[in-house]
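[1] A predicted structure for the sequence below; I have some questions about it.
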Amino acid sequence: MKVVYPGTFDPVTAGHLDIIRRAAGMFEALEVAVVNMSSKAMVFDTEKRVELAEKAILEQGIQGNITVGSFDALLIDYTRREGYLIFIRGLRANSDFEYEFQMQLMNRRLASEITGIYMMPSEHNMYLSSTVVKEVARFGGDLNTLVTPSVEKALRNYYRRN
């Protein structure tokens, strides 16, 4: 079965890679789908986020039938169009649960045949979010265990310019 793991991935973090690694081991094919448009303020454009996700997966040596792409639609419309019946989402805390619970109920209303599977990251990544990583990078903190070298380089370059 093939599944999709959608997200903004701005940038992809060790927590995302943890979920990608485990999902790739559970399913025959996994697409990491970078959301093109979001209500969130983005540091990187879509093409850069796709590129960084691809590089990060390679740098971590994650094995499996993994592709990285992007989409610009409702998740349910994208999953239908691409033939997915399952999407993966990460859950870290109660705030994630509340948001994802609400979204799952709406998704179920729009497309009852499509289901979300929710995965918790490993304990050492529970606190990690792209927002936290960007804040650490903005102030020059240590990113070594939070992102891969290519993502760290991209963040350092971004904050040096801005």
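    It's in.

[2] let me see the ranges of the strands in this protein.
    2-7, 29-35, 66-71, 86-90, 115-119 (DSSP state E).

[3] so which of those is the most surrounded?
    Among the strands of the chain, the stretch with the highest mean neighbour count (mean count of other Cβ atoms under 10 Å) is strand 29-35, at a mean of 23. Backbone N, C-alpha and C define where each C-beta goes, glycine included.

[4] how far away is residue 99 from residue 68?
    Separation of residue 99 from residue 68 (Cβ to Cβ, to the nearest Å) stands at 24 Å.

[5] meant to ask about residue 104
    Where residue 68 is concerned, residue 104 sits at a distance of 24 Å (Cβ to Cβ).

[6] do me a favour and average the pLDDT over the longest helix that the chain contains.
    Longest among the helix segments of the chain by residue count, using DSSP state H, is helix 94-110. The pLDDT scores in helix 94-110 average 80.

[7] kindly calculate the angle that it makes with strand 86-90.
    Helix 94-110 runs at 160 degrees relative to strand 86-90, counting by axes from the mean of the first three to the mean of the last three Cα atoms, to 10 degrees.

[8] so what touches helix 94-110?
    74, 75, 76, 89, 90, 91, 114, 115, 116, 118 (Cβ atoms under 8 Å, 6 or more residues apart in numbering).

[9] please redo it, this time with the cut-off set to 10 Å
    Applying Cβ atoms under 10 Å, 6 or more residues apart in numbering, the contact partners of helix 94-110 are 74-77, 79-80, 87, 89-91, 114-116, 118, 120, 129.

[10] and the helices in the protein?
    Using DSSP H, the helices of the chain run over 14-26, 46-59, 75-82, 94-110, 130-138, 149-161.

[11] contacting residues around residue 28?
    1, 2, 3, 64, 65 are the contacts of residue 28 under Cβ under 10 Å, 6+ apart.

[12] how about the first one: what's its closest non-neighbour residue?
    Read it as residue 1. Once flanking residues are discounted, residue 1 sits nearest to residue 27: 5.6 Å by Cβ to Cβ, 6 or more residues apart in numbering.

[13] OK, contacts around that neighbour?
    If a contact means Cβ under 10 Å, 6+ apart, then residue 27 has 1, 2, 3, 4, 5, 64, 65, 66, 86, 88, 117 as its contacts.
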